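**Student:** can you look at this prediction? I've put the sequence above it.
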Amino acid sequence: MHRRGGAVFELAGRTAFITGGAQGIGLGLARALAKEGVRLALADIDTAALAAAGTELSALTGVATFTLDVTDRTAYARVADEAEERLGPVTLLCNNAGVGGSYPVTAMSYELWDLFLGVNVGGVVNGLQTFLPRMIARGEPAHIVNTASTAGLAPQGGQAGYMYEGTKAGVIGLSEGLSRQLEHEGHPIGVTVFCPGLVATNMVATGRAARRRISGELGLTAEQEEDRERLLTEQDFYLRQLGHSPDAVGEMLVEGLRSGKPYVITDRGVAEPLAARSKALFTALPPETEHDRRIARHVAAQLREAARSGSKTH
């Protein structure tokens, strides 16, 4: 169960919609939710993986599978309608689909930006815009999980890549702001931002596959291509040797939902860079002035008024 404002969010008997749900973290989450008696609408771009996941999970719970590119808004709406028709109202939305990969700054292009922003941020936006109005209209307790990454908590460059880190940081900020806005307005809808660290998935392979969606050349020299392939091979080995299993992180997320955590982080690998980033941000703050104190009083008054307004209308 998930608690928000005194309410109880029971998992059993609900319908979850999971993007990227046929492989990796999405499949691990689907397995964990199936054990809780959650019906599963699995969406993924990989049709073969969907077939295998559907066969496996249908032995545990009601399952419907959908081939979906999360950047296709028309298809998203159609799939959402079909999922709810077959399994009932979606009250647990898991925006999990994503693409990774590190590219030199010299390879930066509009097509690469469109790929990373379109899937990692746009896919979350499309999920929210498709399902959140339905949740609000029903007025029943619901929950949203947005998969980000520890790489978005404290961007470092390097293997994760600045485009991946930047888009995942955007998902974290969006989730935090949305959660507070829903609370201010009195909607019984919780938000958890999921920040996995090292997980033994096929992330490197899916990143390579995503690159094939780019029609133009990336402009990498032969040496840069060689260096990139070496780094990808190292990253894949590193993930498989040191990463949690997808099933383990799926269980972590379910436990986070039970305890009402706004963040679920799977390991402490980000602790040192996160502490350094927080220190750098606080160090950059100027000394407090009377102007700052006036602003703080004004913001506090606004929050109190928003809380009163929400309690009157819901």
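**Tutor:** That came in fine, so what should we check first?
**Student:** now the stretch 1-150 of the chain, which segments are flagged as low pLDDT?
**Tutor:** 1-9 (pLDDT under 70).
**Student:** strands of that one, residue ranges please.
**Tutor:** Under the criterion DSSP state E, counting those that start in this stretch, the stretch 1-150 of the chain contains strands at 2-4, 7-9, 15-19, 39-44, 63-67, 90-95, 142-147.
**Student:** dump these to CSV, plus mean neighbour count and distance to Gly190.
**Tutor:** Quick note: C-beta positions are derived from backbone N, CA and C, even for glycine. Formatted as CSV, the strands of the stretch 1-150 of the chain follow (neighbours: other CB atoms under 10 Å; distance: least, CB to CB, whole Å):
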stretch, mean neighbour count, distance to Gly190
strand 2-4, 18, 4
strand 7-9, 14, 7
strand 15-19, 26, 14
strand 39-44, 26, 19
strand 63-67, 20, 24
strand 90-95, 26, 10
strand 142-147, 25, 5
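**Student:** got JSON lines for the ones you listed, with distance to Leu33 too?
**Tutor:** Formatted as JSON lines, the entries for those read as follows, by distance: least, CB to CB, whole Å:
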{"stretch": "strand 2-4", "distance to Leu33": "12"}
{"stretch": "strand 7-9", "distance to Leu33": "13"}
{"stretch": "strand 15-19", "distance to Leu33": "5"}
{"stretch": "strand 39-44", "distance to Leu33": "7"}
{"stretch": "strand 63-67", "distance to Leu33": "11"}
{"stretch": "strand 90-95", "distance to Leu33": "8"}
{"stretch": "strand 142-147", "distance to Leu33": "10"}
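**Student:** which of these sits closest to Glu183?
**Tutor:** Smallest distance to Glu183 across these (CB to CB): 7.9 Å, for strand 2-4.
**Student:** what about Phe194, which SS state?
**Tutor:** Phe194 falls in the strand class when you classify it by DSSP: H, G, I helix; E, B strand; the rest coil.
**Student:** for stretch 283-291, list the C-alpha coordinates in CSV.
**Tutor:** Below are the C-alpha coordinates for stretch 283-291, written out as CSV (Å, rounded to 0.1, in the frame of the first residue of the first chain):
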residue,chain,number,x,y,z
THR,A,283,28.3,27.5,-1.3
ALA,A,284,27.0,29.5,-4.3
LEU,A,285,24.2,31.0,-2.2
PRO,A,286,24.7,34.6,-1.3
PRO,A,287,24.5,35.8,2.4
GLU,A,288,20.9,36.1,3.7
THR,A,289,19.4,39.6,3.5
GLU,A,290,16.2,41.2,4.6
HIS,A,291,15.0,40.8,0.9
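**Student:** quick one: contacts of it?
**Tutor:** Around stretch 283-291, nothing counts as a contact under CB atoms under 8 Å, 6 or more residues apart in numbering.
**Student:** Glu176: neighbour count?
**Tutor:** 15 (other CB atoms under 10 Å).
**Student:** ok, so what distance separates it from Tyr162?
**Tutor:** Per CB to CB, to the nearest Å, Glu176 is found 21 Å from Tyr162.
**Student:** next one: Val38
**Tutor:** Here the distance between Val38 and Tyr162 works out to 36 Å (CB to CB).
**Student:** comparing these two, which residue is more hemmed in?
**Tutor:** Neighbours of Val38 and Tyr162, each counted by other CB under 10 Å, are more numerous for Val38; the result is 25 against 18.
**Student:** can you give me phi and psi for the more buried one?
**Tutor:** When read as degrees, to the nearest 10, the backbone of Val38 gives phi -90, psi 130.
**Student:** that one reaches Ala12, doesn't it?
**Tutor:** Yes: Val38 lies in contact with Ala12 (CB atoms under 8 Å); the separation is 7.1 Å.
**Student:** care to break the chain down by domain?
**Tutor:** Domain assignment for the chain, taken from automatic domain parsing, gives 2-269, 274-314.
**Student:** just name the most buried of those.
**Tutor:** Per residue and on average, the most neighbours among the domains of the chain fall to domain 2-269, with a mean of 19 (mean count of other CB atoms under 10 Å).
**Student:** off-centre distance for that one?
**Tutor:** Relative to its parent chain, domain 2-269 has a centroid offset of 4 Å by CA atoms, centre = their mean, to the nearest Å.
**Student:** next: stretch 272-281.
**Tutor:** A distance of 23 Å separates the C-alpha centroid of stretch 272-281 from that of its chain, computed with CA atoms, centre = their mean.
**Student:** so how far is Arg258 from Leu42?
**Tutor:** 22 Å.
**Student:** from Ser179, how far off is the closest residue to Gly21 other than its chain neighbours?
**Tutor:** In space, not counting the residues next to it along the chain, Gly21 is nearest to Leu42; the distance is 3.7 Å by CB to CB, 6 or more residues apart in numbering. Taking CB to CB as the criterion, Leu42 is separated from Ser179 by 25 Å.
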